[in-house]
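Novice: coords please:
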Amino acid sequence: MRSDEVLNMIQAMLKAYNWQMAPYSAYNKSTWPVHIDWQTLCSSSATSCPKARMLDEVGMKFIYTPSIARKHLFGTLSYQARRSHLLSKKNTGMNVGDEMQGLAGIQFLPRIDAFVERDRLDVVTVIESTHVHEISRSVTSSTPPRPAEAPMTVFLNAWWGTETWVWPPPGEIQPILLAIHLEHNNIRRDFLKHVEYLNNKGPIGTRDHDTNTFLTENGLTNIFVGCLTMTLAQTAWAKEMKDHVSDITIVDVSEKALSLIPASALNGAKYLSAKVSAPEIADDIVGRYVTALSMLRQYEHSKLVITQRLHVAIPAVAMGTPCLLILSKEMPGGGGFTGLARFSGLQRFMHVANLSDPQSLSNFDFDKPASNPNPEQFAKFRTRLQALIMCHETLSDSALKFGMVPSSWEYPPETSCVSNFEEDVTSIHIATVLTPSWLYDVFPTWLNAMASKNKNESIVLHILTGNLNPTERCIARWVTLQALPKSSVNTIPTEHLTSAGAYIGLAHIPRDTQARLYLGSLLPCIKRVIWLDLDTLVLKNLQSLWSVKSPECGVNARSSDVPHVMKPWIKDVMKPMMKPLPEMHQIVKALAHTFNAGVMVLDLQRIRALRFEDTIVKYWAFELGANDQIAYNFLCNGTYRELHPKWNVYRPSKYTSKNLYAMRKQWSIIHFQGSRKPWIDASVKDAHAEIWNSFYTRFDDAL
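Specialist: Numbering: from 1, shown residues only. The predicted structure is shown next:
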């Protein structure tokens, strides 16, 4: 398209969206998405519209902006290296199921700036700097690298199985690691070599149970999210006309399977193949995407789709079309165990027959196919993927504008607490620390328990995030707002506070908890806060805890159930590191009366006035390595105010009072102190573990 035609189309779109160039404050994003008639939009560019229409529908918006002016780029995967490899094996076909997966990601992108080779992630073709005839040029193992030179968001939802791949993604690629499948070969070994990289790019979303199980067994946190094609959006036509379609579409079904299908279903059926061999399509990056899109529209316009391909079946279900998946030992795209592994966990969403059981085909109603099974679960998977994608900040706006997430959704912003902020005195302020592993394993259950008696409370949750990346911090805010819809939430990066200085702590306590020593400066606008460790569960309403009065040292807490808990720590661990202190005897004696810091009500005004951070934290914690609980005990020196034991019910030990366990109905907060926790050790069987199990919430359900 000529630049003047592009400009005319953009102006037409802006007019349709009631965009006011000035003032920008007049723009209302709630007007997105708007459905614009194509011919109206193209009325001033009729000569180019017929050619551009299909490209636009797949999201390829060739809007000219010099690459030097773009601070962030958006790419999608291409498969020219795969094409070269197959041709070297005398295989002339290309499976556009790969492009079907690409379409799912393209829906969320504001535009496409580049193509990134799946099997050569170091080869990036920036569209605007490449002649149109060279976009689909050949890529081989010897092609010189052309890595991304500007930050580039790319969905990596794909089959990963080519052992000559380049991993991890080089250059400026910012991957979205959702809906990935790892083949059973050296790819898996290579993947696990870069655990630190993967942890920094989380969350990792696996496409199937097989990949999910492999990563979990190897200690890599991941979420089973299904296939990204589950998010493919129906057109307005399909939603209105679905009851009037009559076509049966058959895609890549073996002759043996066809022989078992009634002739009445085969007669008049439309036959398609996801494997394209015509060079004008197989060689052309854009042509393959256009072919995938046209196949998707055929599924949408069918009353039934019959196939043996995963990336036909899932897109058909996403289009609301009944789908019959026929399984066999040899499946297109790979047979045997590894072939079927790609379907693990996904078969529940479609009708399934198996060639080993011909009766499963004869029982199927081809004339009036039933709706696909488990639509509610399918919708949950779609919502889960939408939420995870929206939390990639570069996509949050386009996902909303293009209607890829519900219009009622909002990207949960990362707000800060500044000194001139006017505190909402009617809200309960709660603080905790959250690490990546506990985000997925513990946090949803912690929120679920709190919501059981506090769902209608106005809660402000301040989350100190140790080593969570921006996407994970967004996810933490998102799941909080799902569990506590009347709350507000702040995520505060704190790794810069906890990575330096000395530290002597217990193995089961992450160093990230040291961040709570800096609550006074991290929350300058807050007068008081309830601190809750993440290994606690709130069982009662928190209003009465919030209303307790503060002592001079500013700490309300429950005394430790272990006598002289700090004496051996200071004497045996800390003292050898220290210069001889004549006051050591007095310190040890004074700290015979100590509290557990898992649940505290903190008066931050008083703690600031006592210069806690400048004195105790700076010396005892930062220089000498005292952990956060010991530092807070140094602050109070035994003068803290006692909380009722019901507000911090420890797990049973030889020191705990049996009377407390007789009054279980009064328990308000339970605490899984120590190293044995039910989410780590399934053999833990006690009242605490029983309560944990009753509130247990999977992370994917929390989304």
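Novice: output the below-cut-off pLDDT ranges for the stretch 451-600 of the chain.
Specialist: Low-confidence segments of the stretch 451-600 of the chain (pLDDT under 70): 498-510, 563-592.
Novice: the helices in it, which residues?
Specialist: 470-483, 495-498, 519-522, 543-546, 567-568, 584-590 (DSSP state H, counting those that start in this stretch).
Novice: dump these to CSV, plus distance to Gly638 and mean neighbour count.
Specialist: For every residue, glycine as well, the C-beta is placed using N, CA and C. Shown next, in CSV, are those (distance: least, C-beta to C-beta, whole Å; neighbours: other C-beta atoms under 10 Å):
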stretch, distance to Gly638, mean neighbour count
helix 470-483, 35, 21
helix 495-498, 27, 17
helix 519-522, 21, 20
helix 543-546, 22, 15
helix 567-568, 13, 13
helix 584-590, 6, 13
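Novice: for Ala269, find the nearest of the ones you listed.
Specialist: Nearest to Ala269 among the helices of the stretch 451-600 of the chain is helix 470-483 (43.5 Å), distances taken as C-beta to C-beta.
Novice: what are the contacting residues of stretch 203-214?
Specialist: The contact list for stretch 203-214, computed with C-beta atoms under 8 Å, 6 or more residues apart in numbering, reads 157, 177-182, 188, 198, 215, 220-228, 341-346, 385, 388, 440, 471-472, 475.
Novice: which of those residues fall in strands?
Specialist: The strands, defined by DSSP state E, take in 181-182, 223-224 from the contacts of stretch 203-214.
Novice: which one of those residues is nearest Val166?
Specialist: For the ones in strands among the contacts of stretch 203-214, the nearest to Val166 is Leu182 (15.4 Å; C-beta to C-beta).
Novice: what about that closest one, neighbour count?
Specialist: Using other C-beta atoms under 10 Å, the number of residues around Leu182 comes to 21.
Novice: which residue ranges form the strands in the stretch 1-150 of the chain?
Specialist: Assigned by DSSP state E, counting those that start in this stretch, the stretch 1-150 of the chain shows strands spanning 73-78, 94-95, 114-117, 124-126.
Novice: over to the stretch 351-500 of the chain?
Specialist: Using DSSP E, counting those that start in this stretch, the strands of the stretch 351-500 of the chain run over 351-354, 428-434, 459-465, 488-493.
Novice: quick one: contacts of the third one?
Specialist: Spelled out, it's strand 459-465. 417, 424, 427-434, 450, 472-473, 476-477, 480, 484, 486-495, 512, 515-516, 522-523, 526, 529, 542.
Novice: buried subset of those residues?
Specialist: The neighbour count (16 or more other C-beta atoms under 10 Å) marks 417, 427-434, 450, 472-473, 476-477, 480, 484, 487-495, 512, 515-516, 522-523, 526, 529, 542 as buried among the contacts of strand 459-465.
Novice: just to revisit the earlier point, got CSV for the strands of the stretch 351-500 of the chain, with distance to Gln377 too?
Specialist: Below are the strands of the stretch 351-500 of the chain laid out as CSV (distance: least, C-beta to C-beta, whole Å):
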stretch, distance to Gln377
strand 351-354, 15
strand 428-434, 28
strand 459-465, 29
strand 488-493, 28
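Novice: which of those sits closest to His688?
Specialist: Using C-beta to C-beta, the strands of the stretch 351-500 of the chain put strand 428-434 closest to His688, at 18.3 Å.
Novice: report the strands that pair with that closest one, each with its relative direction.
Specialist: Counting by DSSP bridges, the strands paired with strand 428-434 are strand 459-465 (parallel), strand 528-532 (parallel).
Novice: ok, residues contacting the shortest one?
Specialist: Spelled out, it's strand 528-532. Identification of contacts with strand 528-532 by C-beta under 8 Å, 6+ apart yields 428-432, 462, 516, 519, 523, 538, 542, 545-546, 550, 597-605, 669.
Novice: C-alpha coordinates for it, PDB please?
Specialist: What follows is strand 528-532, C-alpha atoms only, in PDB (Å, rounded to 0.1, in the frame of the first residue of the first chain):
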ATOM      1  CA  ARG A 528       0.400   1.200  60.500                       C
ATOM      2  CA  VAL A 529       0.300  -2.200  58.800                       C
ATOM      3  CA  ILE A 530      -0.400  -5.900  59.600                       C
ATOM      4  CA  TRP A 531       2.500  -8.000  58.700                       C
ATOM      5  CA  LEU A 532       1.700 -11.600  57.600                       C
END
